[in-house]
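In: no sequence for this one, just the structure:
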Ligand SMILES: Nc1ncnc2c1ncn2[C@@H]1O[C@H](COP(=O)(O)OP(=O)(O)OP(=O)(O)O)[C@@H](O)[C@H]1O
Ligand SMILES: Nc1nc2c(c(=O)[nH]1)N=C(CO)CN2
C-alpha cells in the first residue's frame with residue numbers, strides 16, 4: 001500500500017468521451033489502461049453513445065460512455081492516473097469544451113464531497129450533461145437506494161428528451177466480456 005492508496009476499497013464512476021481519431025479505440029484503450037493499474041478494477045461499462053457536441057458546437061460528434069471501477073486509490077491519486085491516461089493516449093489540451101482524443105472525468109466516488117483546486121466531487125457539471133447521465137444510467141444499480149441514484153434520477157428528470165444522443169454500440173471494451181451492463 002502506498003501513501004496514495006488505502007486498505008479500503010471505493011466504488012468510483014468515470015465518464016469517458018472521445019471525438020478525434022479512432023474514437024472506439026481510444027475508449028477501449030483508456031479502459032484497458034485503467035484496468036491494468038494495480039489498484040483499479042473496471043467493474044461495469046455502459047453502452048457507448050454517439051452525442052452531439054455540447055458547449056463548443058463546431059467539432060465532430062463524440063462517443064461517450066461511463067464505467068464503474070473499484071479502487072483503493074485516494075480520489076486525487078485516481079484523478080492523476082486518469083490524467084496520465086489522457087496524456088498517454090495523445091490528448092492535447094486546446095480550447096475549453098474543445099475536441100479531444102479522450103477525456104476522463106471523475107463523476108462520483110462513494111459520495112465523497114471535495115472542492116480542491118484539482119478535484120471537485122461530485123463532478124460539478126454532470127447533472128446538466130445528458131452525454132454523462134444517459135451512459136451512467138446503464139451502470140448505476142437501480143435496485144438499491146444510493147446518493148448517486150438519487151442525484152442521477154433527479155437530473156435525468158430535468159432534461160428534455162434525448163438531446164442529440166443515440167446508442168452507438170452496447171459494448172466497446174474488448175477485454176471486458178462479462179463486465180458490461182445488462
Ligand atoms: N471531478 C473531476 N474530474 C475530472 N477533472 C476534474 C474534476 N474536478 C476538477 N477537475 C479538474 O479539471 C481540470 C480540467 O479538466 P479538463 O481539461 O478535462 O476539462 P474539460 O474536459 O475541458 O471540461 P469539463 O471539466 O467541463 O469536462 C483537470 O485537470 C482537473 O484537475
Ligand atoms: N457531446 C459531448 N459534448 C462535450 C463533451 C462530451 O464528452 N460530449 N465534453 C466536453 C468537455 O468535457 C464538452 N462537450
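Out: Ah, there it is. These figures come from a predicted structure and were not determined experimentally. Ligands and ions are numbered 1, 2, ... in the order given.

In: Going by residue numbers, what spans are strands in this protein?
Out: Counting by DSSP state E, the chain forms strands over residues 5-18, 40-45, 48-51, 62-73, 103-109, 114-115, 120-121, 165-169, given from the N-terminal end onward.

In: what lines up beside the last one in the sheet?
Out: In the sheet containing strand 165-169, the strands it pairs with under DSSP bridges are strand 48-51 (antiparallel).

In: rewinding a little: any idea which of the strands of the chain is most buried?
Out: Here the criterion is mean neighbour count by mean count of other CB atoms under 10 Å, and of the strands of the chain the winner is strand 62-73, at a mean of 25. C-beta coordinates here come from the backbone N, C-alpha and C atoms, glycine included.

In: Name the nearest residue to residue 31, sequence neighbours excluded.
Out: Distances taken as CB to CB, 6 or more residues apart in numbering put residue 173 closest to residue 31, at 4.5 Å, once the chain neighbours are dropped.

In: What does the pLDDT read for that neighbour?
Out: The predicted local distance difference test score for residue 173 is 80.

In: ok, residue 90 - contacts?
Out: 21, 101-102 (CB atoms under 8 Å, 6 or more residues apart in numbering).

In: swap the cut-off to 10 Å and go again
Out: Residue 90 sits next to 20-21, 26, 29, 100-102 when contact means CB atoms under 10 Å, 6 or more residues apart in numbering.
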